[in-house]
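*Asks:* Just a sequence and a predicted model for now, questions to come.
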Amino acid sequence: MKKRQVALYDPYLDTLGGGERHILSILKVLEGYGYDLTIFWDTNLAQDIEEKLHIGLRNKLTFLPNMFSSDTSRLQKMRVLRTFDLFIYVTDGSYFYSPAKNNYIFCMVPDRNLYHMGLINKVKTYSATFIANSQFTQQRLNQWGIAARMLYPYVDEDYVRMDIKSMQKKPVILSVGRFFNHLHAKKQDEIINSFKKLKKTHKEFSSFKLVLAGGLKKEDTEYFSTLEKMIADDSSIELKPNISYKELQQLYHTSLVYWHFTGYGVDENSTPQNVEHLGITPLEAMASGCITYCYNAGGPKEIINNGKNGFLFDNHEDLHKKMNWLITHKKELQIMRDEAKKTVKETFSYDIFTRNVKNIFNLS
């Protein structure tokens with residue numbers, strides 16, 4: 001019996017961020033349903049995918065030259081694509097004529113510039129299914145005339161299975177995200193400023209530390225140097241670039257608080273691409289027993305029920321006011337942790353993700 005084939009093209013694959021983890025997780029599920037996997041990329045990223053994203057795809061994974069970034073003719077692309085049962089791609093504003101049996105366009109960034117559906121693009125995508133990574137992205141696509149299915153990512157089972165009642169939390173505020181200052185930046189500079197203000201105006205937090213962890217690429221070292229200068233000799237603030245998966249887990253395990261500033265100061269209606277599209281790291285924090293605070297814009301509004309399983313904040317002052325809850329409601333800390341854990345288990349587990357992938361891709 002001929003094996004079923006699925007191909008992926010993601011022009012941002014070398015980033016290996018949360019969006020890439022999401023789409024590669026779809027391939028993982030398809031692999032479980034007997035599909036052989038092909039990725040159009042000029043280098044073999046299997047080891048990086050496993051080590052950085054904790055997704056093992058080596059057994060049935062093939063890398064083919066990236067014909068979408070070369071001078072490959074349209075006819076040759078169509079000859080290749082017609083051999084696949086499924087073709088999934090992430091658009092950078094480009095769309096393709098694809099004779100694959102089923103075509104899916106994965107939408108992780110709600111940027112209007114990527115989704116102009118003129119006549120030619122409508123023809124190219126007439127048989128394709130659009131998939132949005134959150135309700136926030138889905139709603140923006142709908143506004144732009146694109147009907148999309150919604151598929152949440154999942155939180156790694158290592159986090160879902162954590163026993164939060166046995167954790168020994170320390171007075172640490174953690175924030176996790178790639179160190180860069182463009183697009184939907186993680187706003188580490190704002191986080192540092194807010195932490196300094198918090199300690200200056202609220203003596204109850206004088207013993208707290210701030211830890212900023214995340215990936216760092218060569219092109220972002222100038223921004224990283226700026227953060228180092230902001231910190232100077234403040235020993236209560238620590239930067240942790242490119243740490244291992246195990247060390248990151250340990251940080252989640254021991255940190256009392258999680259801060260997420262993506263989108264801070266951005267108008268989500270005029271520039272939705274610059275706020276958080278969902279927020280996988282806040283979900284990891286919630287699963288790990290951290291009291292989680294997210295800026296009140298974009299995807300986090302879908303996962304945070306303010307005051308129940310975490311907090312949404314509008315500005316530095318609002319954040320600091322809600323941080324006082326830690327001091328005045330110590331007996332309720334575990335209740336909030338339990339609610340946060342419940343949110344992750346009920347909506348963002350791998351079993352639920354698999355079920356949703358099966359439904360969208362009509363797997364059997």
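*Replies:* Alright, I've got the coordinates.

*Asks:* contacts, neighbours, all on C-alpha from now
*Replies:* Fine.

*Asks:* Run through the helices of the stretch 201-350 of the chain in chain order.
*Replies:* Taking DSSP state H, counting those that start in this stretch, the helices of the stretch 201-350 of the chain run over residues 221-231, 245-254, 280-287, 300-303, 316-323, 325-328, 333-347, 350-360.

*Asks:* now for the second one, which elements pack on it?
*Replies:* Based on contacts counted as 3 or more CA pairs under 8 Å, 6 or more residues apart in numbering; DSSP states H and E, the elements that helix 245-254 packs against are strand 170-176.

*Asks:* Neighbouring strands of the strand it packs on in the sheet, and parallel or not?
*Replies:* strand 209-214 (parallel), strand 255-260 (parallel) (DSSP bridges).

*Asks:* Return the most buried member of those.
*Replies:* Highest mean neighbour count among those (mean count of other CA atoms under 10 Å): strand 255-260, with a mean of 25.

*Asks:* which outside residues touch that one?
*Replies:* With contacts defined as CA atoms under 8 Å, 6 or more residues apart in numbering, strand 255-260 is touched by 169-176, 186, 191, 282, 285, 289-295.

*Asks:* got a list of what Glu20 touches?
*Replies:* Glu20 is in contact with Tyr12, Leu13, counting by CA under 8 Å, 6+ apart.

*Asks:* Where does it fall, secondary structure wise?
*Replies:* Element membership for Glu20 (DSSP states H and E) is helix 18-32.

*Asks:* Relative to the whole chain's centre, how far out is that helix?
*Replies:* What separates the centre of helix 18-32 from the centre of its chain is 12 Å, taken as CA atoms, centre = their mean, to the nearest Å.

*Asks:* what angle sits between that helix and helix 280-287?
*Replies:* Helix 18-32 runs at 70 degrees relative to helix 280-287, counting by axes from the mean of the first three to the mean of the last three CA atoms, to 10 degrees.

*Asks:* follow-up on the earlier one: for the helices of the stretch 201-350 of the chain, which one ends up most surrounded?
*Replies:* helix 280-287 (a mean of 26).

*Asks:* ok, the nearest residue to His320 once chain neighbours are set aside to Ile192 distance?
*Replies:* Here the nearest residue to His320 in space, its sequence neighbours aside, is Leu198; by CA to CA, 6 or more residues apart in numbering that works out to 6.3 Å. For Leu198, the distance to Ile192 equals 10 Å [CA to CA, to the nearest Å].
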